[in-house]
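Chemist: here is my input, please return the structure:
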Amino acid sequence: MFTGIIQTIGQIEQAAAIGQDLRLNISCTELDMRDVKVGDSIAVNGVCLTAISCDDTHFSAHVSKETLSVTVGLSGRHAVNLEKALRLSDRLGGHLVSGHVDGVGEVVLFEQIGDCWKLDIRAPHAISKYIAVKGSICVNGVSLTVNTVLVDAFSMNLIPHTLENTTLQFLKIGSQVNLEVDQIARYVERMAEWASDNQPNKSPA
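Modeler: Next up is the predicted model:
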């Protein structure tokens, strides 16, 4: 589990093909790796990956074909958002994030308004129903609050600190991003479905 509070920006230095999979070598010089060991989870652009090797400044991860097919931003040499897995004693500054991407969205608006930036993203239809005003959503691993929900898109406000400390600063119209909806919304939907499917039979009048 993660919080969506990015701890540093890293750099994919190598993305080597292994059949249809990838092995990533990621530089993380600003991330405290003293408590990370092989087998631990690290979120990379919102995707939960397992460290298969690590030292003080780098770690490697194996990315399967399946993960590559439902995410973006894990191939090529570029900057990525990094967050170590949540500990039970940590502050939950964002919201509970699993690192399991629900879909890929597309930036349709990214403009500065005063000191902040307005970010509009078109979401896949299948997950749009889980996005609510004042609810939480994870964009490339960053926990954000939804300001408005449109027919096929949603809007957020980014403060300068968020832009300065995450890769969201590099977004532009047409950029694709990993989206993970708030898990609470999924549980509410499942509970409603279960209640509907398990209505007691009504007695005949």
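Chemist: show the average pLDDT along the top helix by length along the chain.
Modeler: As assigned by DSSP state H, the longest helix anywhere in the chain is helix 183-197. Here helix 183-197 scores 81 as its mean pLDDT.
Chemist: and that helix, what's buried?
Modeler: 183, 185 (16 or more other C-beta atoms under 10 Å). Just so you know, the C-beta spots here come from the backbone N, C-alpha and C atoms, and that holds for glycine as well.
Chemist: again with stretch 7-15
Modeler: Within stretch 7-15, the residues scored as buried using 16+ other C-beta under 10 Å are 7-10, 12, 15.
Chemist: residue boundaries of the strands in the chain?
Modeler: Read by DSSP state E, the chain holds these strands, from start to end of the chain: 8-18, 21-27, 41-44, 47-54, 58-63, 79-84, 103-113, 116-122, 136-139, 142-149, 153-158, 176-181.
Chemist: tilt between the fourth one and strand 176-181?
Modeler: Yep, that's strand 47-54 we're talking about. Inter-element angle recorded for strand 47-54 and strand 176-181: 110 degrees (by axes from the mean of the first three to the mean of the last three C-alpha atoms, to 10 degrees).
Chemist: can I get the CA coordinates of strand 47-54 in CSV?
Modeler: In CSV, the C-alpha atoms belonging to strand 47-54 read as follows (Å, rounded to 0.1, in the frame of the first residue of the first chain):
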residue,chain,number,x,y,z
VAL,A,47,2.6,1.3,-10.5
CYS,A,48,3.5,-1.1,-7.6
LEU,A,49,6.8,-2.8,-8.6
THR,A,50,9.0,-5.2,-6.7
ALA,A,51,12.7,-4.4,-6.2
ILE,A,52,14.7,-7.3,-7.5
SER,A,53,18.0,-5.6,-6.7
CYS,A,54,18.9,-2.4,-4.9
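Chemist: parallel or antiparallel, which strands does it pair with?
Modeler: strand 41-44 (antiparallel), strand 58-63 (antiparallel) (DSSP bridges).
Chemist: mind putting the ones you listed in a markdown table, mean neighbour count included?
Modeler: Below are these laid out as a markdown table (neighbours: other C-beta atoms under 10 Å):
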| stretch | mean neighbour count |
| --- | --- |
| strand 41-44 | 25 |
| strand 58-63 | 20 |
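Chemist: how about these, which one is nearest residue 193?
Modeler: Smallest distance to residue 193 across those (C-beta to C-beta): 28.9 Å, for strand 41-44.
Chemist: show residues contacting that closest one.
Modeler: Strand 41-44 has contacts (C-beta atoms under 8 Å, 6 or more residues apart in numbering) with 2, 10, 24, 26, 36, 48-51, 59, 61, 74, 80-85, 97, 99, 141.
Chemist: repeat for stretch 161-180
Modeler: Stretch 161-180 is contacted by residues 6, 8-9, 45-47, 71-73, 79-81, 97-110, 117, 119, 121, 123-124, 127, 137-142, 144, 158 when judged by C-beta under 8 Å, 6+ apart.
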